[in-house]
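> Got a sequence here, can you build the structure:
(one chain, ligands or ions: 2)
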Amino acid sequence: MLHRVDPNVQDVQPAANSSTGQPGRASGMSRPGRVNTVVDSQLSGGDWGLRLQQSNDNALVRNTTNSSYESIQLLGSNGNRVADSVIDGDGIVVRGSGNAIVGATIPGGGSLARPVLIEGDANVLRDSSIGAPFAGQPWAAVTVAGGAGNVVRDNDVVDVDLLAPFPQDGIFVASVATGTRLVGNFVSTFSDDGIDVESPGSVLRFNTANDNGDLGIEAVGGVVGVGNSASGNGNPSQCVGVTC
Ligand SMILES: [Ca+2]
Ligand SMILES: [Ca+2]
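Ligands and ions are numbered 1, 2, ... in the order given. Down below sits the predicted model:
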């Protein structure tokens with residue numbers, strides 16, 4: 001197992017090493033302007049897999065994390081890149097701005113956190129595969145909970161079945177999030193809506209939402225929609241608030 005953590009970083013905190021049970025190696029002081037990288041690590045167990053705390057412009061690449069609470073946490077951390085990683089367990093939380101999550105596989109199904117939870121501004125989630133939230137909560141697979149100008153683009157967001165006991169959406173944009181853009185996502189088989197947008201001023205372009213329990217896309221007034229499509233959803237309207 002490769003497990004490389006830059007020795008000059010204190011604020012990148014890996015959880016307990018899966019094979020040794022020892023805390024991940026992280027010591028020393030981060031240096032202003034230095035970009036730290038965590039590459040090809042496999043981390044399981046612990047409360048989190050990788051945590052960035054007030055730490056900017058780092059790269060987390062090709063890691064596999066599986067932890068019991070938020071496998072990757074970006075907390076007060078900006079401009080970080082999470083690429084080509086498997087984020088199992090309880091997914092990823094982004095509390096910061098200008099972060100990019102690209103090429104992630106996020107199976108979902110954890111029980112303490114959402115698969116993807118985004119706060120802060122101008123974060124991007126793209127080219128990723130996201131599965132179902134924990135069946136026992138009314139959660140979405142991808143939640144934009146706040147912030148301005150976040151982008152969710154070209155992702156596959158697919159639940160395992162329609163039978164969750166709580167209404168669950170594929171992508172949910174909260175009313176307090178401003179200027180969110182959802183582009184080119186494929187969303188299917190969630191128990192409630194494929195995409196549910198509660199924030200006027202959001203922009204939805206070329207998304208596809210099929211075979212969900214209620215609507216393909218549910219949007220409040222003031223949402224801008226272009227080129228979206230929906231079919232096979234339980235509600236014959238297919239989409240509300242945007243044209244499909
Ligand atoms: Ca909904
Ligand atoms: Ca609904």
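> Please parse this protein into its domains.
Residue ranges for the domains of the chain, per automatic domain parsing: 1-110, 114-130+141-244.
> low-scoring pLDDT stretches of this protein, where are they?
For the chain, applying pLDDT under 70 flags the ranges 1-34, 161.
> one step back: need the domains of the chain in JSON lines (columns: distance to ligand 1 and mean neighbour count).
To be clear about C-beta, it is placed using only N, CA and C from the backbone, and glycine gets the same treatment. What follows is the domains of the chain, written out as JSON lines (distance: least, C-beta to the ion, whole Å; neighbours: other C-beta atoms under 10 Å):
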{"stretch": "domain 1-110", "distance to ligand 1": "17", "mean neighbour count": "20"}
{"stretch": "domain 114-130+141-244", "distance to ligand 1": "4", "mean neighbour count": "21"}
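> How much space separates F186 from T180?
Remark: distance between F186 and T180 (C-beta to C-beta, to the nearest Å) = 18 Å.
> SS state for N66?
At N66 the chain is in strand, as set by DSSP: H, G, I helix; E, B strand; the rest coil.
> Is it in contact with G49, as I believe?
Yes. N66 is within contact range of G49, at 6.8 Å (criterion: C-beta atoms under 8 Å).
> OK, contacts around G131?
Contacts for G131 were tallied using C-beta atoms under 8 Å, 6 or more residues apart in numbering; they are I106, P107, G108, G109, P115, A141, V158, D159, V160.
> And it, which helix or strand is it part of?
In this assignment (DSSP states H and E), G131 forms part of strand 129-132.
> In this model P200 seems to touch G222, though I could be wrong.
Yes. Counting by C-beta under 8 Å, G222 touches P200, with 2.8 Å between them.
> Contact residues of the protein facing ligand 2?
Residues of the chain lying close to ligand 2 (C-beta under 5 Å from the ion) are D192, D193, D214, E218.
> Strands - which of those land there?
When DSSP state E defines the strands, the subset of the residues of the chain next to ligand 2 inside them is E218.
> With distance to C244 added, can I get the residues of the chain next to ligand 2 in CSV?
CSV is the format used below for the residues of the chain next to ligand 2 (distance: C-beta to C-beta, whole Å):
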residue, distance to C244
D192, 16
D193, 12
D214, 14
E218, 11
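> What is the most widely separated pair among the residues of the chain next to ligand 2?
Within the residues of the chain next to ligand 2, D192 and E218 form the most distant pair, 8.3 Å apart (C-beta to C-beta).
> between the two, what contacts are shared?
By C-beta under 8 Å, 6+ apart, no residue touches both D192 and E218.
> how close does Q137 sit to L60?
26 Å.
> should've said P200
34 Å.
> Could you do T178 as well?
Plainly put, T178 is 27 Å away from L60 if you go by C-beta to C-beta.
> now S67
Going from S67 to L60 by C-beta to C-beta gives 14 Å.
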